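> predicted model follows, preceded by the sequence.
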Amino acid sequence: MRRARNLFRPVVIGAAGCLTAALLTFSAAQAQRPKFLSDDPLQREPETQDASKTQAWEIGLTADLVLNLFTKQGDLTANVRAQNVNTIDEVPDSSWFTNRIYAKPISIEEITRGPNTSDGPAPGKWTVIRPKSAGVAPGFTIRDEKGDTWFVAFDYDDYEIAATAVIQVATRLFWALGYNQVESYLTTIRPENVIISEDATMRAHGKRRRFTQGDLNDVFRRAEKSDDGSYRVAVGRLLPGRAIGGFRYYGTRPDDPNDIVPHEHRRELRALQVFGAWTNLVDMKAGNTLDMVQTEGNRSIVRHYLQDVGSTFGTGALAPRDGDEGYEYIYEGGPTAKRLFTLGLAISPWQTVDFEEHPEIGKFEGDQFEPEKWKPRVPVAALRHARADDTLWAALRVMAFTDEQIRAAVKTGGYTDPAAEELLTSVLIKRRDKIGRAYFTNISPLTRFALDEAGVLTFENPAVKAKLAEPPKKGYQTVWNRFDNAARTAQPIGSATPSQSERVQGPSDLPKTDGSFVKVSISALEPAHPAWAKPVDVYFKRAGGAWRLVGVERLPDA
Amino acid sequence: MLLGFSKRTRRAPREGRMAACLLVAGFCLPAAAAAQETRAEEIEKKQAEKAANLKPYEPSKFESIMNKLEESFASPPSGFYPALGSVYSGGGFTLGLGYRQFYARQAVFDITGFYSIKNYKKVEIATRTPWHMRGPVTFGLRAGWLDAPQIGYYGLGMDTTPDDRANYRLKQGYGGVNVGLRPTGWLRFEADVVYEDVKSEEGRGSAPSIETVYDESTAPGLFQPGAPGQFANPTFIHSEGTAAIDWRPSPAYARRGGYYGVTFSDYKDLDDVFSFQRVDGELIQHLPILRENWVLSFRGRVQSTLDDDDLVPYFLLPQLGSGRTLRAYSTGRFRDRHSILTSVELRWIPNRIGLDMAVFYDAGKVTPRREDLDFNDLESNWGIGARFHGPAATVLRLEGAKGKDGWHLVIATSAAF
């Protein structure tokens, strides 16, 4: 034993030395490292490595459900700042996300078109090339006469319109929010125009066999048939590239070299706490996502899609949503025990919600909706990590939707009853506003900072702009500093500057040389919203005779 | 802070190796980053580091097992499988093994064997299409043999006690055909024609054998007519037809909907000694309350032998007592030519996807005459139970029921009704 200890001693000492050296190097590097680098704020997340060797994986529904329901997946540390935000607290464009609404104007036409680039499948015969392999809704995959491949989803028997409509509307909303979406169209087919490819096979009872007319008939039998014998369908275009399965809402894909930020720390995934609440996207599982290996320039990258957002609003694929969806996970120990031991007398909030049900919409309401309490069916690691800065970021995007844009998105659902269209629109508007009220007030929401050449600072209070809150009674307070980027230190310039408006004249002695930085700490003083008093630190860099926003810090790391 | 400059974080156990990598990255990369002039270069370096250490995803054992179970459940493969079922009501805990071979598009050929702790046994060979017996048309053929050596018999009528128990043995070979039609989502027809070769014998077990306690007047059909001491061994062509309105989401588990059905049974004894006909009527209604927080479930069932002159053997008489009728009473505790049963349950739903609780009350009686089928002098029980279920099936039902015979524990793998 002693001999062994002696043998290992040099190794231990060596390791300790290395660690000490590494720590010293780390500390020195940290101290020397400027806060802002020359390309800050990054506008696009680089994907520098070739991902062509990334392999397909299959994430089983049951395993995914059980692991998320009964264990905490991903990082267990709480209050970790999103790791894919740039220095101005925004999410750069990436293979996950593209800045659209809020970041730039989106027209009604763009909302209506969403991810679509054509008019849908070519007219003529459709050839079934394989059955639907996932999900409970009836469907299959076809090739149209132009040779394009489409995924076909039907409304379930005796449940017309709802499922196919929701795919259209949700696809537009999530596209506008910035997610990669599948092109989706509404159309109709007749069974006589559907033929089966000789190569079409399906897996059944552990073996692969031919997909037959009987199998096709089974699909039609489960689908809702119109009076004229046709079937209304939602068709989604095959994505370009090679499908490699879904993504998890935690961890990284071990064989994708560009996937270096744990998914639970990606802001656009955390933000689904808010987007999910708005749209009631309860079925947030890996199986509803899809990663595609696509060629971009001279290399392959993995692009990440929220492939199936059809389980939204008030409906599932087969029937209206159960009342508890959006309110409780499918299993929660506390409520289960309460109901168990009180003979059901412990009433949960969802049991008294006054849903305005419509057969084409299902159960969806906005009056009693509480966004902070919304839950998907199963806990999602990324949502567990959502902080106030993440939810604010998301709420800004939800609130950026105008009534007209929401109406335009809903219109794409092809609802046959105007009352259904009106109901969905009005509920989305109500829920949007509740999201603004909830997430614009639990953290300072100030945004759109600019400092002009005359030293006038302007910003926006989105809560006030949306008329969800009164302007702060005691106004705004700004504290100005020179900022040494290399040393990461700030020196005050004058005293705090009060202002009643979102326009503040800065001190006269702001630095004038290119490459200099200023830091402005801005507070909103409103007793009704104490969270607004915590300042937002905003950094500007002088470049080319103008001030450029390079930093926004709203909520520091824990 | 930005794009991969991760803090040191505590990882879930299964992410252990990745955590170690991130930990190292957390220390080393910022230091290295000092050499980088741009944020993009920092990220590129991290991605290059990962590119040098790529590895394919390996599912955990748990994931692999769950994935296999998932596939087996949705579309089970041909081969051996653990069979769930029973040999005969009251047989106790039963183990089963099956072998199935799928063929054609949706058909299955199925051989099963069951054995219970009371030495009940059954083997059956069957084929059916579709294999899950759901769809507008179902068709099945089956043949088998069973042996139930200690079935309880307590005499006729309601004035019996547990001490009246005697045991009989049934051996039965059978073969038949079943056709089901569901022209709409809520309308159901079903027809069965089965050849049944029944042999009754002395009972086994701790209770006395039936012939030592009962005679032909107290156990009709105990012996072959004209052959005292020779147990009845009738051979039937048993035909049965059911018409029903059934709008429950699933017969095996429902919180809403109803079933209203009539079944006509014709037992044709090839020796024309024990031929008889019977009509069963059953109503089930589930009424959800407050978004299915509670469910009030009602059931009424009447079984009536049509011709008063027919000789119905004691082992085919309408009976009450079992985990699905009067739940505080042993299987076959009450038998006679007619029966009426009512049940009411108040269910509450602690968890919508897995657990129902229920308090219930059952009441019923058997009678020798059809005109006695009323609500007077019903035997009753009450109880409480838990049901573990999936979206469309009850997996396990545990109930304690209290009647005049005392407490009775029900362990079942099906819904009460």
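Looks like it arrived, so ask away. Numbers count the residues shown, from 1 in each chain, chains lettered A, B, ... in the order given.
> close to chain A: what parts of the stretch 251-400 of chain B are there?
Contacts of the stretch 251-400 of chain B with chain A, taken as CB under 8 Å from any CB of the partner chain, map to B:290-294, B:348-355, B:357. Glycine gets a C-beta too; all of them are placed from N, C-alpha and C.
> are any of those residues buried, and if so which?
Neighbour counting over those (16 or more other CB atoms under 10 Å in any protein chain shown) leaves B:291-294, B:348-352, B:354-355, B:357 as the buried ones.
> closest one to residue A:498 out of these, please.
Comparing those against residue A:498 with CB to CB places residue B:291 closest, at 52.3 Å.
> I'd say the closest one and residue A:323 touch.
Yes: Residue B:291 lies in contact with residue A:323 (CB atoms under 8 Å); the separation is 4.2 Å.
> between the two, what contacts are shared?
Here residue B:291 and residue A:323 have A:350-351 as joint contacts, going by CB atoms under 8 Å, 6 or more residues apart in numbering or on different chains.
> which of the helices or strands spans residue B:349?
Assessed by DSSP states H and E, residue B:349 sits inside strand B:338-351.
> pairing partners for the helix or strand following that strand, with directions?
Remark: after strand B:338-351, the chain's next helix or strand is strand B:355-367, criterion DSSP H and E. Neighbouring strands of strand B:355-367 in its sheet, by DSSP bridges, are strand B:338-351 (antiparallel), strand B:379-389 (antiparallel).
> quick one: average pLDDT of the strand holding residue B:349?
Strand B:338-351 carries an average pLDDT of 97.
> return the distance of that strand from the chain's centre.
Here strand B:338-351 is found 16 Å from its chain centre; the criterion is CA atoms, centre = their mean, to the nearest Å.
> could I get that strand in PDB with only the CA atoms?
Output of strand B:338-351 as PDB, limited to C-alpha atoms (Å, rounded to 0.1, in the frame of the first residue of the first chain):
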ATOM      1  CA  HIS B 338     -82.200 -15.500 -13.400                       C
ATOM      2  CA  SER B 339     -80.100 -12.700 -12.000                       C
ATOM      3  CA  ILE B 340     -80.200  -9.000 -11.600                       C
ATOM      4  CA  LEU B 341     -77.100  -6.900 -10.700                       C
ATOM      5  CA  THR B 342     -76.700  -3.200 -10.200                       C
ATOM      6  CA  SER B 343     -73.500  -1.400  -9.400                       C
ATOM      7  CA  VAL B 344     -72.600   2.200  -8.800                       C
ATOM      8  CA  GLU B 345     -69.100   3.600  -8.500                       C
ATOM      9  CA  LEU B 346     -67.900   7.000  -7.500                       C
ATOM     10  CA  ARG B 347     -64.500   7.300  -9.000                       C
ATOM     11  CA  TRP B 348     -62.000  10.100  -8.300                       C
ATOM     12  CA  ILE B 349     -59.000  10.600 -10.400                       C
ATOM     13  CA  PRO B 350     -55.700  11.400  -8.600                       C
ATOM     14  CA  ASN B 351     -53.800  11.000 -11.800                       C
END
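> show the residue spans covered by the strands in the stretch 151-300 of chain B.
Remark: strands assigned in the stretch 151-300 of chain B by DSSP state E, counting those that start in this stretch are B:166-181, B:187-202, B:223-224, B:227-231, B:235-246, B:257-269, B:276-289, B:294-305.
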